[in-house]
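S.K.: take this sequence and fold it.
(one chain, ligands or ions: 1)
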Amino acid sequence: MEFQAIYETWRHVFKLDPERAISDEQLDAICMSGTDAVIVGGSTGVTFDNTVDLMSRIRRYEVPCALEVSSEEAAVPGFDHYFIPLVLNTDRAEWMAGRQIGALRAFGAFIPWEITSAEGYLILNGEAEAAKLTGANAALDAESVTAHIYMADRLMRLPIIYMEYSGKFGDMELVKRAGRITAAARLFYGGGIDNADKARLAAEAAHTVIVGNAIYDDLAAALSTVAAVAEVPYSGK
Ligand code: 1GP
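M.R.: Model (predicted):
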């Protein structure tokens with residue numbers, strides 16, 4: 001049987017930020033929601049301690065739990081999977097391969113490679129914290145998005161392309177277009193999903209739909225996205 005990575009069946013994911021407070025009741029609702037997985041990650045303020053703390057609380061549940069490793073200090077063992085983001089639409093090479101290489105120099109021999117995957121990020125909301133931090137060129141037109149997809153999917157053969165609009169609902173036509181061009185990568189979409197309708201639109205456009213901020217802003221609305229995603233098939237391959 002062909003090897004299948006854990007995330008290849010995920011349609012709906014909640015992303016929890018270790019820097020933000022979440023009560024036990026809220027966390028219970030998230031972990032028992034029927035979501036396919038929980039990803040722990042954030043652009044800033046992620047430390048070893050707050051990551052361990054959140055992981056151990058999520059670990060009381062059966063839901064798969066992955067870490068998006070955005071800083072070397074916060075690489076915590078014990079997750080089901082590790083995602084290493086590479087930002088594709090920035091001129092600052094440190095976000096593409098620089099910091100990652102620094103971390104590999106220090107920890108390369110200890111990395112559980114069979115459960116570690118790179119994510120090719122396209123940060124498409126210039127207002128997002130991650131865009132400011134990495135100097136991402138968020139204003140990409142359709143042709144540029146296409147070129148970035150070719151780069152990530154065909155040339156670099158990254159297993160995941162992440163279209164990130166964090167904080168804002170994105171251009172679903174652009175996401176669908178990316179999906180049509182993508183040959184092998186799994187397409188993740190995240191940004192501004194705060195109700196069931198937006199979740200359905202995103203589920204049609206991307207393989208995997210990621211909900212973050214809504215968890216903290218309106219938990220009931222965030223929870224409604226789980227069933228919404230399950231209702232809609234992905235329109236691409
Ligand atoms: C953030 O893509 C995720 O990395 C989700 O975005 O917080 O806007 O839901 P939101």
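
S.K.: every contact and neighbour count from this point should use C-alpha atoms.
M.R.: Fine.

S.K.: can you list the residues of the protein near the ligand?
M.R.: Proximity of the chain to the ligand, by C-alpha under 6 Å from any ligand atom, involves residues 164, 166-168, 190-193, 210-214.

S.K.: tell me which of those residues fall in strands.
M.R.: Judged by DSSP state E, the residues of the chain next to the ligand include E164, G190, I210, V211 as members of strands.

S.K.: most neighbours among those residues, which one?
M.R.: Among those, the one with the most neighbours (other C-alpha atoms under 10 Å) is I210, at 28 neighbours.

S.K.: ok, that one - contacts?
M.R.: H12, V13, F14, K15, F188, Y189, G190, G191, I193 (C-alpha atoms under 8 Å, 6 or more residues apart in numbering).

S.K.: pretty sure the fifth one contacts P159?
M.R.: No. Judged on C-alpha atoms under 8 Å, F188 makes no contact with P159 at a distance of 10.5 Å.

S.K.: right, and the helix or strand after the worst-scoring helix or strand of the chain on mean pLDDT?
M.R.: Within the chain, no helix or strand scores below helix 98-107, which has a mean of 92 by mean pLDDT, DSSP states H and E. Next helix or strand after helix 98-107 toward the C-terminus (DSSP states H and E): strand 116-123.

S.K.: from the chain's centroid, how far away is that following strand?
M.R.: 8 Å (C-alpha atoms, centre = their mean, to the nearest Å).

S.K.: please work out which residues outside the helix or strand sitting right after that strand along the chain touch it.
M.R.: For strand 116-123, the succeeding helix or strand toward the C-terminus, using DSSP H and E, is helix 129-134. Residues from elsewhere that reach helix 129-134 (C-alpha under 8 Å, 6+ apart): S43, V87, T90, R92, W95, I123, L124, N125, G126, A136, N137, A138.

S.K.: so which of those wins on neighbours?
M.R.: Most neighbours among the contacts of helix 129-134, by other C-alpha under 10 Å: I123, with 29 neighbours.

S.K.: beta partners of that residue?
M.R.: E164 (DSSP bridges).

S.K.: if I look at it, how far off is E114?
M.R.: 26 Å (C-alpha to C-alpha, to the nearest Å).
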